[in-house]
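1. build me a structure from this.
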Amino acid sequence: MNTTPQSLRLHAILPVLAAHVDELRHWQIIDPASPDTGALVNPGYGCADNKATSAFVTQAVYLLLATGADDADLLAHMDAAADYLLVAQRPSGNIDLPSVNIDSGPDTGFTVQQLCTVFELARRDGRTGRGWQPLLAKLERFIHRAVEGMKIGGFHTPNHRWVICSALAQAKALFPDLEVADVVESYLAEGFDIDAEGAFIERSVGVYDAVNDRSLLFIHENWNSPAALGAVRRNLDFCLYLLHADGTAETGLSRRQDYGTRTVAAGLVHCYLLHNHFAPSPPFVSAAHWLWDAGAAGENLPWTVYALLKCGDPAPATAALPTSYSRHFPHNGIWRIRRGRLSASVFQDATRLLSLVYGQAELTSLKISQTYFGGACGHFYGEELTVEEGRGILTSGGTRRPRRPGYELPLGRLVSPEEWNVTFAQRGLYELPAAHSTLATSEAEGGLDFHYRNVQGVDSVAVQIAFDFPPGGIWESDDTRTLPAAGQPIFLKRGYGQMRYGSDVIRIGPGAAAHAMWPMRDAEPAPAHVRVLLTFWTPVDFHFQIRAFRGVG
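-> Take a look at the predicted model:
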């Protein structure tokens, strides 16, 4: 892990890049008799992969540009890789993502984004002479063919639009003879999918925000699109309020595969640097330093190197970043609280009502359930979140399941199996009151206070409040100390208990044990977590708290 702001320097990163390029080179197929000669094998697929191949070419070019070297052997490997890229192109000009997308315009776009940076930087540095000419000629041919594929290829997801659009804009800037204006403008006519709070549709701070931001920055640089840079700024500002004290991202809003994960948002480093290049912003420089220091480079290394090659080493981090705040984002349904090491999120429109991080310690989720006519009736689902003066109130109406809570009544006539589903609209209903509840959350010294209350419902219904912790913590209470495994339920019957991760602790309580049902019917399971339970019978009117601290308490 990098440990100082000075580590975000090209000279400091070069040894890592060199080692990575050397490792990639050993995955290249060099047998001239192989139909895939020149390709890189993707270790995860066990076969030739054109995206891995283009990534190798791009990173090798970055290495040669950064060092000023002319490595004939490496250039030969790159040239062979470029040959394979041309072979791997489909007649349309598109490439495949072997794991899922065939003849894929979007995946072609990701590759063209990379390869266009090769031309951008090589031309800037005058590296277009005899040793480079064969390689660049092949890559130019690949890009020309790829442009034709992207123009007709379409997309799957919101971010794909901007990947394709930006790749076409980059290619046009490099090769003015390309005819792409109609397609680029057709994408731009849809408008960037960013809301007033700074979130894209996919709300993916861990993965796709960086894809969107990078693509919009390329559009800003290479096309007349006045809205692009402002959209990136709004998103990068928003992301600052979704980061924990260690640089890991709050992904509870995400609609993509990073949902619920906790990794450093290192993919944003180059976006902060590139935005600062176009519109200087000292806080963005500080954010880039912070995120780089917090996480390993990994798959984000190439784009970080590109930003450093393009923009130069960043200035030292001097601007303060937000570390103590209470911010409600009503459009996206999240209330974010940061008080130094403590970082908490309250979620609207979800059964995951809360997450909390304190250093190494993490409470992945707080959930509340009743055994009341199945999940949609019994789950506490916060349809409404209001926040005023440090106090948030989630309201669950209990009416998300049609015709429940209640029981169907007979029709008094023959009902064939074929018409069973269509008879519900004709049936009378024995109705019961919905499980209407509220959960109030208030900031307190060192944590949060809660008040859970049943506003409406039926008496004597089983209830549980579930605290889900990642495995690896030590559970401590007045009479217990244990290392629970994933899938282990624990009842906190009385007093207070705490989950310890090293010197960081999350304490909850007081306990309550009205019943002993841990696999409560229709409560969402947590097989990958340790679940601590408080249990009740309705009606419930209960105050509890979460505190976080460091040390022995």
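
2. next, the buried residues of stretch 531-540.
-> Within stretch 531-540, the residues scored as buried using 16 or more other Cβ atoms under 10 Å are 531, 532, 533, 534, 535, 536, 538, 539, 540. Heads up, the C-betas are built off the backbone N, CA and C, glycines and all.

3. one more: stretch 128-139?
-> Applying 16+ other Cβ under 10 Å to stretch 128-139 flags 132, 135, 136, 138, 139 as buried.

4. next: stretch 311-324.
-> Buried-residue list, stretch 311-324, by 16+ other Cβ under 10 Å: 314, 317.

5. start to end distance for it?
-> End-to-end distance of stretch 311-324 (Cα to Cα, to the nearest Å): 31 Å.

6. same deal with stretch 518-537?
-> 14 Å.

7. distance from the chain centre to that stretch, please.
-> 26 Å (Cα atoms, centre = their mean, to the nearest Å).

8. how about stretch 338-358?
-> Worked out by Cα atoms, centre = their mean, stretch 338-358 lies 16 Å from the chain centre.

9. for the record, mean pLDDT for it?
-> Here stretch 338-358 scores 98 as its mean pLDDT.

10. next, the distance between the ends of it.
-> End-to-end for stretch 338-358, by Cα to Cα: 10 Å.

11. and the two most separated of the buried residues of stretch 128-139?
-> 132 and 138 (10.9 Å; Cβ to Cβ).

12. for the closest residue to residue 401 other than its chain neighbours, phi and psi?
-> Nearest residue to residue 401 in three dimensions, chain neighbours excluded: residue 376, at 3.6 Å (Cβ to Cβ, 6 or more residues apart in numbering). Per-residue torsions, residue 376: phi -70, psi -20 (degrees, to the nearest 10).

13. count the residues that sit near residue 376.
-> 16 (other Cβ atoms under 10 Å).

14. how much space separates it from residue 486?
-> Remark: distance between residue 376 and residue 486 (Cβ to Cβ, to the nearest Å) = 27 Å.

15. and the helices in the stretch 201-350 of the chain?
-> 208-222, 227-240, 269-278, 282-294, 301-311 (DSSP state H, counting those that start in this stretch).

16. quick one: closest of the ones you listed to residue 415.
-> It is, among those and with distance given as Cβ to Cβ, helix 208-222, at 48.2 Å.

17. quick one: low-confidence parts of the stretch 151-300 of the chain?
-> Residue ranges of the stretch 151-300 of the chain with pLDDT under 70: 296.

18. let's see it at 80
-> Where the stretch 151-300 of the chain drops to pLDDT under 80, the residues are 296-298.

19. on the three-state scheme, residue 164 is what?
-> Per DSSP: H, G, I helix; E, B strand; the rest coil, the secondary structure class of residue 164 is helix.

20. whoops, I mixed them up, residue 145
-> Under three-state DSSP, residue 145 comes out as helix.

21. run through the residues that contact the nearest residue to residue 267 once chain neighbours are set aside.
-> Leaving aside its sequence neighbours, residue 267 sits nearest to residue 210 (Cβ to Cβ, 6+ apart; 3.6 Å). Residue 210 is in contact with 265, 267, 268, 270, 271, 300, 303, counting by Cβ atoms under 8 Å, 6 or more residues apart in numbering.

22. can you do 6 Å?
-> 267, 268, 271 (Cβ atoms under 6 Å, 6 or more residues apart in numbering).

23. could the residues you listed be laid out in JSON lines, adding neighbour count and distance to residue 39?
-> Listed next are the contacts of residue 210 as JSON lines, based on neighbours: other Cβ atoms under 10 Å; distance: Cβ to Cβ, whole Å:
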{"residue": "267", "neighbour count": "27", "distance to residue 39": "26"}
{"residue": "268", "neighbour count": "30", "distance to residue 39": "31"}
{"residue": "271", "neighbour count": "28", "distance to residue 39": "30"}
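
24. distance to residue 156 for these - can I get that in a markdown table?
-> Listed next are the contacts of residue 210 as a markdown table, based on distance: Cβ to Cβ, whole Å:
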| residue | distance to residue 156 |
| --- | --- |
| 267 | 20 |
| 268 | 23 |
| 271 | 22 |
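
25. which ones among the buried residues of stretch 128-139 lie within helices?
-> 135, 136, 138, 139 (DSSP state H).

26. tell me how many other residues crowd the residue nearest to the first one when sequence neighbours are not counted.
-> Among residues not flanking residue 135 along the chain, residue 79 sits closest, at 5.1 Å (Cβ to Cβ, 6+ apart). When neighbours are counted by other Cβ under 10 Å, residue 79 registers 18.

27. contact partners of the one helix or strand residue 79 maps to?
-> Per DSSP states H and E: residue 79 is located in helix 72-88. The contact list for helix 72-88 (Cβ under 6 Å, 6+ apart) reads 25, 38-39, 50, 53, 56-57, 60, 95, 131, 134-135, 138-139, 142.

28. sort out which one of those residues lies nearest residue 476 for me.
-> The closest of these, once distances to residue 476 are taken by Cβ to Cβ, is residue 56, at 49.8 Å.

29. surely that closest one and residue 39 touch.
-> No - judged on Cβ atoms under 6 Å, residue 56 makes no contact with residue 39 at a distance of 9.4 Å.

30. with neighbour numbers in mind, choose between those two.
-> More crowded of residue 56 and residue 39, by other Cβ under 10 Å: residue 39, with 26 against 22.

31. what kind of secondary structure is residue 90 in?
-> Classified using three-state DSSP, residue 90 is coil.

32. before we move on, the earlier item: any chance of the buried residues of stretch 531-540 in CSV, plus secondary structure, distance to residue 325 and pLDDT?
-> Below are the buried residues of stretch 531-540 laid out as CSV (DSSP: H, G, I helix; E, B strand; the rest coil; distance: Cβ to Cβ, whole Å; pLDDT from 0 to 100):
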residue, secondary structure, distance to residue 325, pLDDT
531, strand, 30, 98
532, strand, 28, 98
533, strand, 32, 98
534, strand, 30, 99
535, strand, 35, 98
536, strand, 34, 98
538, coil, 36, 97
539, coil, 36, 98
540, coil, 32, 98
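
33. roughly how far does the nearest residue to residue 287 once chain neighbours are set aside sit from residue 303?
-> Excluding its sequence neighbours, the residue lying closest to residue 287 (Cβ to Cβ, 6+ apart) is residue 272, at 4.8 Å. Distance, residue 272 to residue 303, by Cβ to Cβ: 11 Å.

34. and those two? which has more neighbours close in?
-> Set residue 272 next to residue 303 and count neighbours by other Cβ under 10 Å: residue 272 wins out with 28 against 25.

35. list the contacts of the more buried one.
-> 284, 287, 288.

36. so residue 424 sits in a strand?
-> No - counting by three-state DSSP, one finds residue 424 to be helix, located in no strand.

37. and the gap between it and residue 402?
-> Taking Cβ to Cβ, one finds residue 424 at 8 Å from residue 402.

38. same question for residue 223.
-> For residue 223, the distance to residue 402 - Cβ to Cβ - is 47 Å.

39. these two: who's more crowded?
-> Using other Cβ under 10 Å as the criterion, residue 223 and residue 402 rank with residue 223 on top: 20 against 9.

40. find the nearest non-adjacent residue to the more buried one, please.
-> Residue 223's closest residue in space is residue 169 (Cβ to Cβ, 6+ apart), at 4.2 Å.

41. and the strands in the stretch 351-500 of the chain?
-> 354-358, 361-370, 384-388, 391-396, 406-408, 429-431, 436-444, 447-456, 462-469, 474-477, 481-482, 489-491, 497-501 (DSSP state E, counting those that start in this stretch).

42. what is the neighbour count of the closest residue to residue 50 other than its chain neighbours?
-> Using Cβ to Cβ, 6+ apart and skipping residues adjacent in sequence, the residue nearest residue 50 is residue 88, 4.1 Å away. A count of nearby residues for residue 88, using other Cβ under 10 Å, gives 19.
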